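1. quick one, structure for this:
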Amino acid sequence: MFEGIITPILTPFYRNSEQAINFSAAEELIEHLISCGVQGIFPLGSNGEFHLLSREEKKAFLKFVVEVTDHRVPVFAGTGSCATKEAVWLSQEAEALGVDALSIITPYFITPSQQELLGYFKEIAQSVRIPIVLYNIPKNTGCNISPSLLEELKAVGNIQAIKDSSGDLETLKSFLSVGKETGIDVLVGSDSKISDGYQIGASGAIAGTSNLLTKSLVQLDKSLREGNETKARNYQNHIESLRGILPLGSVPSVLKYAVEQAGIAQVGPARKPVNELSADDQKKVQTLIEEFRNQNIL
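-> Model prediction:
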């Protein structure tokens, strides 16, 4: 289950004052991703703006994704929270809705100790029966999962993988070292480090850029597994081209606009307070999309 390219899908919104979820666009996006060969669909991740959705919206979106995906690939649901009680509630709801695995981000805004993180992850894991992927993204949460904590958490049987979005290869290596001893799978969460991660033992990647560069990411995974470094370098460069424009706006405004311009799905804007791109920045995205089209990347 924890291998290949897993897409943390965008949550489509309408361009209106309420910015309600656009379920039709979500279905288009999911069908595109599965048809291109991704190995998992991951709603309620960072690019899915989980932090801006209400309880009711999260449940409705998870139910919809499970139904549309229809067991064709595993569904991973992001159910972490600042509050253990909230994370337990959403994790149990997600399990009841039929997701295949959970992704649990560390609490954010606060900075819990490693002992407090141990209690947080254990309580959530013990409240459900399905597999859990820990989610390490310290630059966003201010909180880092230590290798010793990961080793300790292996005693909780359904904690089976960790996604590392630190962007630091030494951190990734430390998780992989623990993984070799404990059987915990390690997934790359920083798209720029996919090739490096695979070469040192990562089993897959949860890659936000696969919302747009789906074929490139799937082929990157294939090339790396086949040991074709030349092809892999080419596909990794596609990711770097996209990453070059992502700083034009707050996450995930650029990626959403690019997905729309590519004709994949009308995923709409990021939710406020994030603004849509300026006219000048929209042109920069359009130029890159046209270059991708000319190179037969999309």
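
2. pLDDT at the nearest residue to residue 213 once chain neighbours are set aside, what is it?
-> Closest residue in space to residue 213, ignoring its immediate chain neighbours: residue 238 at 5.5 Å, by CB to CB, 6 or more residues apart in numbering. All C-beta spots, glycine's among them, are computed from the backbone N, C-alpha and C. You'll see residue 238 listed with a pLDDT of 97.

3. isn't residue 238 right up against residue 291?
-> No: the criterion here is CB atoms under 8 Å, and residue 238 misses it with residue 291 at 10.3 Å.

4. figure out the helix or strand that the residue nearest to residue 213 lives in.
-> helix 229-243 (DSSP states H and E).

5. what residues of that helix count as buried?
-> Neighbour-count burial for helix 229-243 flags 232, 235, 236, 238, 239, 241, 242 (criterion: 16 or more other CB atoms under 10 Å).

6. following it, which helix or strand comes up?
-> Following helix 229-243 toward the C-terminus (DSSP H and E): helix 253-261.

7. strands of the chain, start to end?
-> 4-8, 40-42, 76-78, 101-105, 132-136, 159-164, 185-188, 204-206 (DSSP state E).

8. coming back round to it: spit out the contact partners of the residue nearest to residue 213.
-> 213, 216, 292, 297 (CB atoms under 8 Å, 6 or more residues apart in numbering).

9. ok, 7 Å please
-> 213, 216, 297 (CB atoms under 7 Å, 6 or more residues apart in numbering).

10. which one of the buried residues of helix 229-243 sits closest to residue 287?
-> residue 241 (11.0 Å; CB to CB).

11. do you know the pLDDT at the spatially closest residue to the closest one that is not a sequence neighbour?
-> Nearest residue to residue 241, sequence neighbours excluded (CB to CB, 6+ apart): residue 288, at 6.6 Å. pLDDT, residue 288: 98.

12. just give me the neighbour total for residue 288.
-> Residue 288 sits with 20 neighbouring residues when counted by other CB atoms under 10 Å.

13. break down the protein into its helices, ranges please.
-> Along the chain, counting by DSSP state H, helices occupy 23-36, 55-69, 84-97, 114-125, 138-141, 147-153, 169-182, 194-199, 214-226, 229-243, 253-261, 279-294.

14. what sits up against the shortest one?
-> Residues from elsewhere that reach helix 138-141, judged by CB under 7 Å, 6+ apart: 46, 105, 106, 107, 108, 144, 166.

15. how close does the fifth one get to residue 48?
-> When distance is defined by CB to CB, to the nearest Å, residue 108 is 15 Å away from residue 48.

16. the two: who's more crowded?
-> A direct count of neighbours by other CB under 10 Å for residue 108 and residue 48 places residue 48 higher, at 26 against 17.

17. next up, the contacts around residue 240.
-> If you count contacts by CB under 7 Å, 6+ apart, then residue 240 has residue 192 around it.
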